[in-house]
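S.K.: build me a structure from this.
(2 chains)
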Protein chains: 2
Amino acid sequence: MSDIVIRHATADDIPAIVALLADDPLGAQRESPGDLAPYRAAFERLAGDPHQHLVVAERDGRTVGTLQLTVIPGLSRRGATRSVVEAVRVHADERGSGLGTRLIEWAVGTSRREGCALVQLTSDATRVDAHRFYERLGFEASHLGFKYHL
Amino acid sequence: MSDIVIRHATADDIPAIVALLADDPLGAQRESPGDLAPYRAAFERLAGDPHQHLVVAERDGRTVGTLQLTVIPGLSRRGATRSVVEAVRVHADERGSGLGTRLIEWAVGTSRREGCALVQLTSDATRVDAHRFYERLGFEASHLGFKYHL
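M.R.: Reported below is the predicted structural model:
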């Protein structure tokens, strides 16, 4: 297999990112790949924000992965900046290929370069394989993640 | 007791916020109220970011609570914007007074006004009372929260 390239997403990547988001047991119920308008509007909100990194992973010009990294300055932990990883997806054909590891390593490396002291993410309690994956990469499941739907 | 005022923090609030962050079983090990320089630098990083809301709660001119709310646009969940609550603290004298509820209600209301579809937070697995508190307010502990220290 040829090399993976991880790069910042452009508006042209929106259809491929949404396809990845929807190709997932939870995402299938939450996404609307047939109506890209809300995603295009969201991309505009993201694109102007220097604390946002929305990236895609490509292999042979094909989009095979994505994640979003947000850099959050803060006062707690002696003024520590932290980062939050969201919306990690790996194409079904690429699972087990090490691409998920490459994506998370990219997020950790970028967080380090941005001066973060901490990388954090939440994973749905039903995603047991994902939990093992993050623990293998050195993440600690030290917290509960609470959500409130508006 | 007189009314609570919740307002955006200014640089003058830094000592009181740090005192609140440090007056906590976990915070006591992580904060340095005797050296405010890293907090002042962090406040500068926060202050210029329109997606950040660092607030204090005051009663009779005294700072009795704080939290940080970050608004995060994103593509997943049909382009949903979400918010993340961090660094919630209530002064020891005010615990049980309903101030924590007021702070979280402020965060939820602000998230709604900012067009968020979701409010999320993580809470250390050892903070069992906090978990009951968030569940009473309508949050669901649907996720595990992973941290990676850099």
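S.K.: every contact and neighbour count from this point should use C-alpha atoms.
M.R.: Will do.
S.K.: any buried residues in whichever strand or helix holds residue A:105, and which?
M.R.: Residue A:105 belongs to helix A:99-113 when assigned by DSSP states H and E. If you call a residue buried by 16 or more other CA atoms under 10 Å in any protein chain shown, then helix A:99-113 has these buried ones: A:99-100, A:102-104, A:106-108, A:110-112.
S.K.: so which residues make contact with the helix or strand bottoming out on mean pLDDT in chain A?
M.R.: Lowest on mean pLDDT, DSSP states H and E among the helices and strands of chain A sits helix A:27-30, with a mean of 86. If you take CA atoms under 8 Å, 6 or more residues apart in numbering or on different chains as the criterion, helix A:27-30 is touched by A:21-22, B:77-78.
S.K.: 10 Å - rerun?
M.R.: A:18-24, A:87, A:89, B:76-78 (CA atoms under 10 Å, 6 or more residues apart in numbering or on different chains).
S.K.: tell me which residues touch the residue of chain A most remote from its centre, please.
M.R.: Taking CA atoms, centre = their mean, the residue of chain A most remote from its mean C-alpha position is residue A:78, at 26.4 Å. Counting by CA under 10 Å, 6+ apart, residue A:78 touches A:117, B:18, B:21-22, B:27, B:30-33, B:35-42.
S.K.: give me the buried subset of the residues you listed.
M.R.: A:117, B:18, B:21-22, B:27, B:31-33, B:36, B:39-42.
S.K.: which sections of chain A are below the confidence cut-off?
M.R.: Residues of chain A meeting the criterion pLDDT under 70: A:1.
S.K.: returning to that earlier point: how about the contacts of helix A:27-30, which pair is most distant?
M.R.: A:89 and B:78 (15.1 Å; CA to CA).
S.K.: one step back: redo the contacts of helix A:27-30 as CSV? Include secondary structure and distance to residue B:127.
M.R.: Shown next, in CSV, are the contacts of helix A:27-30 (DSSP: H, G, I helix; E, B strand; the rest coil; distance: CA to CA, whole Å):
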residue, secondary structure, distance to residue B:127
A:18, helix, 36
A:19, helix, 38
A:20, helix, 35
A:21, helix, 32
A:22, helix, 34
A:23, coil, 35
A:24, coil, 32
A:87, strand, 27
A:89, strand, 31
B:76, helix, 29
B:77, helix, 29
B:78, helix, 33
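S.K.: any chance of these in JSON lines, with distance to residue A:142 too?
M.R.: Putting the contacts of helix A:27-30 into JSON lines (distance: CA to CA, whole Å) gives the following:
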{"residue": "A:18", "distance to residue A:142": "30"}
{"residue": "A:19", "distance to residue A:142": "31"}
{"residue": "A:20", "distance to residue A:142": "28"}
{"residue": "A:21", "distance to residue A:142": "26"}
{"residue": "A:22", "distance to residue A:142": "28"}
{"residue": "A:23", "distance to residue A:142": "28"}
{"residue": "A:24", "distance to residue A:142": "25"}
{"residue": "A:87", "distance to residue A:142": "20"}
{"residue": "A:89", "distance to residue A:142": "23"}
{"residue": "B:76", "distance to residue A:142": "25"}
{"residue": "B:77", "distance to residue A:142": "26"}
{"residue": "B:78", "distance to residue A:142": "29"}
